[in-house]
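Colleague: Structure for this input, please:
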Amino acid sequence: MSVSPATLPPVLLHSEADLARAALATPLLSRAVRLARWAGPATRVGAGGELVDAQLPAAAAELGLAADDPDAAAYASEAWRVAVDTGLIEVTDAEEEGAEGTVAAGEELALLTAGGPQDVLGIWLGALDTVYADATVPDMEDLLDVLEENGEVDFSELGWDPQAEADFLDGVLGNLYLLTVGDAAGGEGPVPLPALAASMIVPDDMGEPTDDILEQVSDAMMKLDDQFRLFEPLGLVEYQPVDEALMAEIDEAADEPAPVDDEDVSRYGMVRLTPLGLYGIRARMLEAGVDAPAVGDLADKGADALLDGTSGFPQAAAQAEIEQWLARHEPLGAARELLTAARGGDEGAPLRRLRCQQALSLVGNEAEPALREVLDDPELGGLARVWLAEHGASDVPAPSEELVFWLTIDTLAAQLAAEGNSDELQGLVEGLAEQHSGFFATAWRVEHPATADVLDAMGRLHPDKKVAKEARKAAFKARNL
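Modeller: The predicted model follows:
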């Protein structure tokens, strides 16, 4: 499985106990468990371990499916296959050719009650593998159309490339994962199916999509509609399918793809990963060697790893990671360790100090001695004074002008590294220039590795041409200091 970013944002997962309960409650796995407990010596299976046709009505009845439900046999067959593939049921092939095999409860079945959450999740991941495989095979009707006289399928005639199908589905779920864990989406709302399909089809540098591209997006939507219908019973996604009436409209207007109406986008399908789905896709990514971090990965590491690791995290994820780290440390020791890790003149140091400030804001007054110890430190003295003032400490020495300017440059450098040319940073730059009319006359002399870069950024961001020019001149001076 591959996704574009070199390092994905960290995901905040639910506890394994909660995920295991969710897995057991999914329709597909719960059906598989019921059939595993129902099966016995009299259960009849074919050579491939599948239930024989005559056995399907009894299996469907065990699942509480109505006898006149046209999908009852398919549901029972699917649940049985999952039970066999995950080890809930053990099938013994017949010794004689053409004879029926026998079944017994598999070793995994007992783990659902006697094992822990990890055992349950392991079984659920096995079920995910089964459904994943089903989602990437051609439709049965298409297979029958190209069935040769000898009973084999001519895949070249079908135009089916199993690796390409798997790569496409991996890409779609990878994009959905990224949209879910990224700050922009916040994981709150579902993703329209057309947008998800377009993310795989439309080139990034394309302006107006061509008719051919739109047709490919439409085909991809129909494929994804089928696939997400398979994944929903396993709890991987919450899915609102494509409107059946809309599908008929698309078929009638096949020669001219209909435009997507923003007001009616939900008719085209809406999907989001569930908490269980986030866990499942991340597990598949890790298995494929993708770096897919989770909040809590740094909780047992040192402060240096915490500050470096969270430097690239979105704000909410960094906050959650820091909270978990602090929960394992006593306040005074944590503060000292964080301050030590925040030192440095390298490119990443300003952002480390920003994360250090974020962490220290969550520490109580017990940490005060650690902050007083660094009041004379040229890199940490400024943030120490800020912390002490915010916590109502007395006898806090006033900062020198040199320290104030150094802290200002350091803070802007950190914000620039964390957010780039954001609206928030632009507002900070405008406010700073407005409050300190002589700021640039002094700022270019600040002995900070990022001084010139910060002043350059202020020149780019400030809307006033005169102020922007002052910032650029100051940056030039800083580079030639």
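Colleague: Just the CA coordinates for stretch 470-481, please, in PDB.
Modeller: The C-alpha coordinates for stretch 470-481 follow below in PDB (Å, rounded to 0.1, in the frame of the first residue of the first chain):
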ATOM      1  CA  GLU A 470      11.800  47.500   5.100                       C
ATOM      2  CA  ALA A 471      11.600  43.800   6.000                       C
ATOM      3  CA  ARG A 472      13.500  42.700   2.800                       C
ATOM      4  CA  LYS A 473      16.200  45.400   3.300                       C
ATOM      5  CA  ALA A 474      16.600  44.200   6.900                       C
ATOM      6  CA  ALA A 475      16.900  40.600   5.700                       C
ATOM      7  CA  PHE A 476      19.600  41.700   3.200                       C
ATOM      8  CA  LYS A 477      21.500  43.400   6.000                       C
ATOM      9  CA  ALA A 478      21.200  40.300   8.200                       C
ATOM     10  CA  ARG A 479      22.700  38.100   5.500                       C
ATOM     11  CA  ASN A 480      25.600  40.400   5.100                       C
ATOM     12  CA  LEU A 481      26.200  41.000   8.800                       C
END
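Colleague: three-state assignment of the closest residue to T92 other than its chain neighbours?
Modeller: Among residues not flanking T92 along the chain, T102 sits closest, at 4.9 Å (C-beta to C-beta, 6 or more residues apart in numbering). Quick note: C-beta positions are derived from backbone N, CA and C, even for glycine. Under the three-state scheme (DSSP: H, G, I helix; E, B strand; the rest coil), T102 adopts strand.
Colleague: Tell me who's in contact with T102.
Modeller: Counting by C-beta atoms under 8 Å, 6 or more residues apart in numbering, T102 makes contact with 41, 43, 45, 91-92, 94.
Colleague: Point out the least confident one among those.
Modeller: Ranked by pLDDT, the contacts of T102 bottom out at A94 (71).
Colleague: what about that one, is that helix, strand or coil?
Modeller: Under three-state DSSP, A94 falls in the coil class.
Colleague: isn't it right up against A47?
Modeller: Yes: counting by C-beta atoms under 8 Å, A94 does reach A47; the two are 7.5 Å apart.
Colleague: what is in contact with these two at once?
Modeller: Counting by C-beta under 8 Å, 6+ apart, the residues touching both A94 and A47 are G101.
Colleague: re the thing from before, now render the contacts of T102 as JSON lines, adding neighbour count and distance to Y132.
Modeller: As requested, those are arranged in JSON lines below (neighbours: other C-beta atoms under 10 Å; distance: C-beta to C-beta, whole Å):
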{"residue": "P41", "neighbour count": "7", "distance to Y132": "32"}
{"residue": "T43", "neighbour count": "21", "distance to Y132": "26"}
{"residue": "V45", "neighbour count": "22", "distance to Y132": "23"}
{"residue": "V91", "neighbour count": "20", "distance to Y132": "21"}
{"residue": "T92", "neighbour count": "11", "distance to Y132": "27"}
{"residue": "A94", "neighbour count": "13", "distance to Y132": "30"}
